[in-house]
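J.: Make a model of this:
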Amino acid sequence: MAKKSKGFGKRLNQQRADKTRQKGLEKFQQKVQRGPLGRKISDMVTDPKGEVKMSEVLEAFVEPYLDFAQNRSQREKLFGIAVIAWNLAIMPENERQPMIDQVIKMSLKGNDPLAQQDTQEIIDDLIARKQNFFAENKRYIVDFQLQDTGKQFHLSVASTLSNPLVAD
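T.: Residues are numbered from 1 along each chain as shown. As a prediction, this is how the structure comes out:
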């Protein structure tokens, strides 16, 4: 039997990883379409031409915090709060605080004032980061999925193509 080259093994592993990512993306698309905004997102586009990949944008957005989120659970929480802050930053400023209060109330079941204050500060920091470094991006993030591929995490993001609340 002929010995297979290292290159063949690498290609085979890459094909398997690509297949796993594709299956994960298909499941994610189905999840988004079943979700509360699924009817409004009739045609989900993957990697739309002329648009930046929102998964790359979201990773850059949370980059200063990634060292604090080592495992999948911690990263999912980080991305979850980042998505909330991202979307809040796009909303009119006078509508933000009631939404933040609601998020804190829903996510922090206990009434730990320190945890509430910490969460408020993180959201405020992320909103400021969005406004300072990503102000031109007005796309809402609808959902995200984080896959553990063994050696790294793969992030998929569903977003609007533009701000649906602003008339062109």
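
J.: Count the neighbours of Pro92 for me.
T.: 7 (other Cβ atoms under 10 Å). (C-beta placed from N, C-alpha, C; glycine too.)

J.: Can you pull the phi/psi pair for it?
T.: When read as degrees, to the nearest 10, the backbone of Pro92 gives phi -60, psi 140.

J.: Show me where this protein has its helices.
T.: Using DSSP state H, the helices of the chain run over residues 6-34, 54-62, 72-90, 93-107, 113-133.

J.: In TSV: those helices, plus mean neighbour count, mean pLDDT and distance to Gln152.
T.: Output for the helices of the chain, formatted as TSV (neighbours: other Cβ atoms under 10 Å; pLDDT from 0 to 100; distance: least, Cβ to Cβ, whole Å):
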stretch	mean neighbour count	mean pLDDT	distance to Gln152
helix 6-34	12	63	10
helix 54-62	19	96	11
helix 72-90	18	94	11
helix 93-107	12	88	27
helix 113-133	14	93	23
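
J.: Dump those to JSON lines, plus distance to Gln147.
T.: Output for the helices of the chain, formatted as JSON lines (distance: least, Cβ to Cβ, whole Å):
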{"stretch": "helix 6-34", "distance to Gln147": "5"}
{"stretch": "helix 54-62", "distance to Gln147": "11"}
{"stretch": "helix 72-90", "distance to Gln147": "9"}
{"stretch": "helix 93-107", "distance to Gln147": "23"}
{"stretch": "helix 113-133", "distance to Gln147": "23"}
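
J.: so which of the ones you listed gets nearest Leu155?
T.: Minimum separation from Leu155 across the helices of the chain (Cβ to Cβ) falls at helix 54-62, 4.5 Å.
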